[in-house]
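Enquirer: Need a 3D model of the following:
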Amino acid sequence: MRHGEVENPEGILYGRLPGYHLSELGRRMADRIAEALAGHDIAHVVASPLERAQESGQPIAKAHGLDLATDERLIEAGNFFQGKTFGVGDGALRRPGNWRHLRNPFKPSWGEPYIEQVVRMSAALDAAKDAARGREAVCVSHQLPIWTVRSFVERRRLWHDPRQRECTLASLTSFTYVGDRIVSVGYSEPARDLVPPHLLAGARPARGRKAPQGGGRAFGA
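Expert: Residues are numbered from 1 along each chain as shown. As a prediction, this is how the structure comes out:
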């Protein structure tokens, strides 16, 4: 699961900064996901240590009588522009001194390398799968790490246009295991009607694909 909407009136790229909590709408999104998963056989709920992920996971854990676990490997991607406003023509991009961080979009040069995200997210998924062996686990994370590990599993290139990510707020990206191997990837948006239209516009969804050839399922966001 990707966390719900965050209270961020100043439009800061908050990244891994503490103190960013779900908005009222974000809490409604979290409740919606808990309702959508009420009939699932969930044995383990784990979240990134950041407040927005913890708050998104709590309703799910509570609904299933579970304690919410924390896994540092589910944290947001590291980003040089954390704490800054970021956009074309304003914020951090107006300062030439920052341009050097944009030199290599394939790594990317402005933050945590994609392959490092894949390694830690894959390990977190495996740990969740083992904790819920034969049942289901929910992992609450963040858009870029979720999309990156999904791209790797589906054998797509890791570098991409951020506008092409299929990972909206409070969405579910599911990884189905047979044994210890991921055999398919799915995607759903139980809270889609709550997501502000401007955050949905322009997206070009990537279809869920059968993964290359773990039993249980792990959900990640």
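Enquirer: Can you list the residue ranges for strands in this protein?
Expert: Along the chain, the stretches classed as strands by DSSP state E are 42-47, 69-70, 86-87, 90-91, 136-140, 172-178, 181-188, 216-220.
Enquirer: For those strands, give me JSON lines that also has distance to residue 7 and mean pLDDT.
Expert: The C-beta positions use only the backbone N, C-alpha and C, and glycine is treated the same way. Shown next, in JSON lines, are the strands of the chain (distance: least, CB to CB, whole Å; pLDDT from 0 to 100):
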{"stretch": "strand 42-47", "distance to residue 7": "18", "mean pLDDT": "98"}
{"stretch": "strand 69-70", "distance to residue 7": "21", "mean pLDDT": "98"}
{"stretch": "strand 86-87", "distance to residue 7": "18", "mean pLDDT": "56"}
{"stretch": "strand 90-91", "distance to residue 7": "19", "mean pLDDT": "56"}
{"stretch": "strand 136-140", "distance to residue 7": "17", "mean pLDDT": "98"}
{"stretch": "strand 172-178", "distance to residue 7": "22", "mean pLDDT": "97"}
{"stretch": "strand 181-188", "distance to residue 7": "25", "mean pLDDT": "97"}
{"stretch": "strand 216-220", "distance to residue 7": "23", "mean pLDDT": "53"}
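Enquirer: Can you check which of the ones you listed gets nearest to residue 61?
Expert: The closest of the strands of the chain to residue 61 is strand 42-47. By CB to CB, the value is 4.1 Å.
Enquirer: just the angle between that closest one and strand 136-140, please?
Expert: 10 degrees (axes from the mean of the first three to the mean of the last three CA atoms, to 10 degrees).
Enquirer: In contact with residue 69, which residues?
Expert: 44-47, 131 (CB atoms under 8 Å, 6 or more residues apart in numbering).
Enquirer: redo that, cut-off 6 Å
Expert: Residues near residue 69 by CB atoms under 6 Å, 6 or more residues apart in numbering: residue 46.
Enquirer: That one pairs with what?
Expert: On the basis of DSSP bridges, residue 69 is bridged to residue 46.
Enquirer: Buried residues in stretch 20-39, which are they?
Expert: Neighbour counts using 16 or more other CB atoms under 10 Å place 20, 22-23, 25-27, 29-34, 36-37 of stretch 20-39 among the buried residues.
Enquirer: Rounded mean pLDDT for that stretch, please.
Expert: The average pLDDT within stretch 20-39 is 98.
Enquirer: where's it relative to the chain centroid, distance-wise?
Expert: A distance of 14 Å separates the centroid of the chain from that of stretch 20-39, by CA atoms, centre = their mean, to the nearest Å.
Enquirer: For it, which outside residues touch it?
Expert: 1, 4-7, 14, 51-52, 55-56, 59-60, 63, 170, 190-191, 194.
Enquirer: Send me the biggest helix by length in the chain as PDB with only the CA atoms.
Expert: Determined from DSSP state H, the single longest helix within the chain is helix 114-131. What follows is helix 114-131, C-alpha atoms only, in PDB (Å, rounded to 0.1, in the frame of the first residue of the first chain):
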ATOM      1  CA  TYR A 114      17.100   2.700  -8.200                       C
ATOM      2  CA  ILE A 115      19.000  -0.600  -7.800                       C
ATOM      3  CA  GLU A 116      19.500   0.100  -4.100                       C
ATOM      4  CA  GLN A 117      15.700   0.600  -3.700                       C
ATOM      5  CA  VAL A 118      15.100  -2.700  -5.400                       C
ATOM      6  CA  VAL A 119      17.500  -4.500  -3.100                       C
ATOM      7  CA  ARG A 120      16.000  -3.200   0.100                       C
ATOM      8  CA  MET A 121      12.300  -3.400  -1.000                       C
ATOM      9  CA  SER A 122      12.800  -6.900  -2.300                       C
ATOM     10  CA  ALA A 123      14.200  -7.900   1.100                       C
ATOM     11  CA  ALA A 124      11.300  -6.200   2.900                       C
ATOM     12  CA  LEU A 125       8.800  -8.100   0.700                       C
ATOM     13  CA  ASP A 126      10.500 -11.400   1.300                       C
ATOM     14  CA  ALA A 127      10.400 -10.700   5.100                       C
ATOM     15  CA  ALA A 128       6.700  -9.900   5.000                       C
ATOM     16  CA  LYS A 129       6.000 -13.000   2.900                       C
ATOM     17  CA  ASP A 130       7.800 -15.200   5.500                       C
ATOM     18  CA  ALA A 131       6.000 -13.500   8.400                       C
END
